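Engineer: Please work out how this folds:
(one chain, ligands or ions: 1)
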Amino acid sequence: MEAGAELEVILTDAAQQFVGQQTLSAIAGRPVHTNLFDGLSPSPHTDLARWAEIIVVAPATANFLARAAIGGGSDLLSATLLASRAPRLFAPAMHTEMWEQPATRRNTAQLLADGVYLVGPVEGALTSGDHGTGRMVEPDEIISEVIRILGPGDMDGLTVLVTAGGTREPIDPVRYIGNRSSGKMGNAIALDAARRGARVRLVTSVGAPDHENISVVTVESAQEMAEAAWASLEGLDVAVMAAAVADFRPGKTSEAKIDRSSGPPTLAMEPTPDVLAGVAERSPETYLVGFAAEVGSLDRAIDKAKRKKVDLLVANDVSRPDSGFGTDTNQVMLVTPDGQQDVWPTLSKAEVAHRLWDTVLERR
Ligand code: CTP
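Structural biologist: Prediction:
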């Protein structure tokens, strides 16, 4: 309120065990909402959901994160979140053991993938005299985060292309040659750009994050990915090619399912189009970021940065347990064609995405 916001307050049943309704309505200067069926409005959750420009849940308990992760809506707060398209910011607070539980890890990863913003928790004093990670961040930090989320983005006016996921090259109607890419890195890159105000064209073989700035083309094969990517080059400022594209495909796709009784087939392979090379050739003014999934040493990446004619190459060692396919974290090295290298620590894919855009904005 001091920062000029209009405020509506929802108190859950659990919250009322700690603070009374009167306390918060006195502070907010208006009645607080506690009940999905209060008889005052026929649909309090949709009224609140449509009115809010952002919904902040502070403190967010482990139980609340679990409910939100499965999309539950049995109380006023969760129903309001379900009914809203506004950004959602959660500030978790709980004991360390609860924060570190595999179930809470799963729920937080799910919420992040669904586009929820999280702030904290931090290390500090907890209830019952305990100390550890799980303390809610200070209110000022929550307010700064709200202002950052609602403020103008530093990618306003930019149009970017992101490719994500692994391609599938059909052998017959049932089988394909694929790879282990989950699309998480590409999706994180698309979502971060969208949140920063860019118009994002996402060409992907997997499910895409939901954001009004992202337009999605879903593809399967390298050929389809190439066609979709090359059709979206007009007015393109930056392209980030995070997809794991097959280099070869079966030269012929069998129309019928290949029969076991005919014995092991021999697949004659042919090259697929190089999506990235096609973007470089057709749209030379686009700032081009390539990815390189390597196994073991990243030495090859420097040569690849030159060979692929990119402005920036993001290399990662996919054989590490904390990096590469399917993980929620990534450990990458940035390489420029002139041989500059920047090794980043292991970070969440969301953080890698954010830093990557910071780097692109700085360099282009
Ligand atoms: N790429 C692409 N189209 C292809 C192959 C790769 O667009 N048919 C892109 C990837 O999205 C990635 C970059 O090129 O951004 C590097 O991919 P990678 O497979 O590591 O490179 P290759 O050229 O295939 O090199 P190598 O096989 O020697 O590792």
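Engineer: Would you confirm that T329 contacts T346?
Structural biologist: Yes. Between T329 and T346 there is a contact under C-beta atoms under 8 Å: 5.3 Å. No exception for glycine: its C-beta is placed from N, CA and C like everyone else's.
Engineer: Name the residues contacting each of those two.
Structural biologist: Counting by C-beta atoms under 8 Å, 6 or more residues apart in numbering, the residues touching both T329 and T346 are D322, S323.
Engineer: Give me the number of neighbouring residues for E212.
Structural biologist: Residue crowding around E212 was assessed by other C-beta atoms under 10 Å; the count is 7.
Engineer: oh, and call the first residue 52 from now on, that's how I've got it
Structural biologist: Sure, I'll start counting at 52 from here, so that last one is E263.
Engineer: and it, what helix or strand is that in?
Structural biologist: Assigned by DSSP states H and E, E263 falls within no helix or strand.
Engineer: picking up where we left off before, between T380 and T397, who's got more neighbours?
Structural biologist: In this view T380 and T397 are compared by other C-beta under 10 Å, and T380 has more residues nearby, 18 against 14.
Engineer: Contacts only, for that one.
Structural biologist: D373, S374, T397, L398, S399, K400.
Engineer: gap between it and V291?
Structural biologist: Counting by C-beta to C-beta, to the nearest Å, the gap between T380 and V291 amounts to 19 Å.
Engineer: try V108
Structural biologist: Going from V108 to V291 by C-beta to C-beta gives 31 Å.
Engineer: Neighbour count: these two, which is higher?
Structural biologist: More neighbours surround V291 than the other of V108 and V291, with 28 against 20 (other C-beta under 10 Å).
Engineer: residues touching the more buried one, list them.
Structural biologist: Applying C-beta under 8 Å, 6+ apart to V291 gives the contacts V211, L212, V213, T214, G237, I240, V340, F342, L407, V411.
Engineer: Kindly write the ChimeraX command that selects the buried subset of these.
Structural biologist: Buried subset of the contacts of V291, written as a ChimeraX selection, criterion 16 or more other C-beta atoms under 10 Å:
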select :211,212,213,214,237,240,340,342,407,411
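Engineer: between the contacts of V291, which is closest to A176?
Structural biologist: Of all those, the one sitting nearest A176 is L407; the distance, using C-beta to C-beta, is 35.4 Å.
Engineer: Which residue does the stretch 102-251 of the chain have closest to the ligand?
Structural biologist: The minimum distance from the stretch 102-251 of the chain to the ligand, using C-beta to the nearest ligand atom, falls at T214 (5.9 Å).
Engineer: Tell me the helices and strands packed up against the top helix by length along the chain.
Structural biologist: Taking DSSP state H as the assignment, the helix of the chain that covers the most residues is helix 400-414. Under the contact criterion of 3 or more C-beta pairs under 8 Å, 6 or more residues apart in numbering; DSSP states H and E, helix 400-414 touches helix 235-246, strand 289-292, strand 338-345, strand 363-368, strand 380-381, strand 383-386.
Engineer: Mind doing that once more with 7 Å?
Structural biologist: Packed against helix 400-414, as judged by 3 or more C-beta pairs under 7 Å, 6 or more residues apart in numbering; DSSP states H and E, are the following elements: helix 235-246, strand 363-368, strand 380-381.
Engineer: tell me how far the second one is from the chain's mean position?
Structural biologist: Its chain's C-alpha centre and that of strand 363-368 lie 18 Å apart, by C-alpha atoms, centre = their mean, to the nearest Å.
Engineer: again, but for the longest one
Structural biologist: Relative to its parent chain, helix 235-246 has a centroid offset of 5 Å by C-alpha atoms, centre = their mean.
Engineer: So it, near the ligand or not?
Structural biologist: No. In this structure, helix 235-246 remains apart from the ligand according to C-beta under 6 Å from any ligand atom; the gap is never smaller than 9.0 Å.
Engineer: average pLDDT across the next helix or strand after that helix?
Structural biologist: Along the chain past helix 235-246, the next helix or strand (assigned with DSSP H and E) turns out to be strand 250-255. Computed over strand 250-255, the mean pLDDT rounds to 98.
Engineer: Identify all contacting residues around strand 250-255.
Structural biologist: In this structure, residues lying in contact with strand 250-255 by C-beta atoms under 7 Å, 6 or more residues apart in numbering are 210-216, 234, 237, 241, 244-245, 259, 264-270, 276, 279-280, 283.
Engineer: Paired strands for it, with orientation please.
Structural biologist: Strand 250-255 has these partner strands in its sheet, going by DSSP bridges: strand 210-215 (parallel), strand 265-269 (parallel).
Engineer: Just give me how far it sits from the chain centre.
Structural biologist: In terms of C-alpha atoms, centre = their mean, the centre of strand 250-255 is set 13 Å apart from its chain centre.
Engineer: Columns mean pLDDT and distance to Y168 on top of the helices and strands packed on helix 400-414, output as a markdown table?
Structural biologist: Formatted as a markdown table, the helices and strands packed on helix 400-414 follow (pLDDT from 0 to 100; distance: least, C-beta to C-beta, whole Å):
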| stretch | mean pLDDT | distance to Y168 |
| --- | --- | --- |
| helix 235-246 | 94 | 9 |
| strand 363-368 | 93 | 24 |
| strand 380-381 | 87 | 18 |
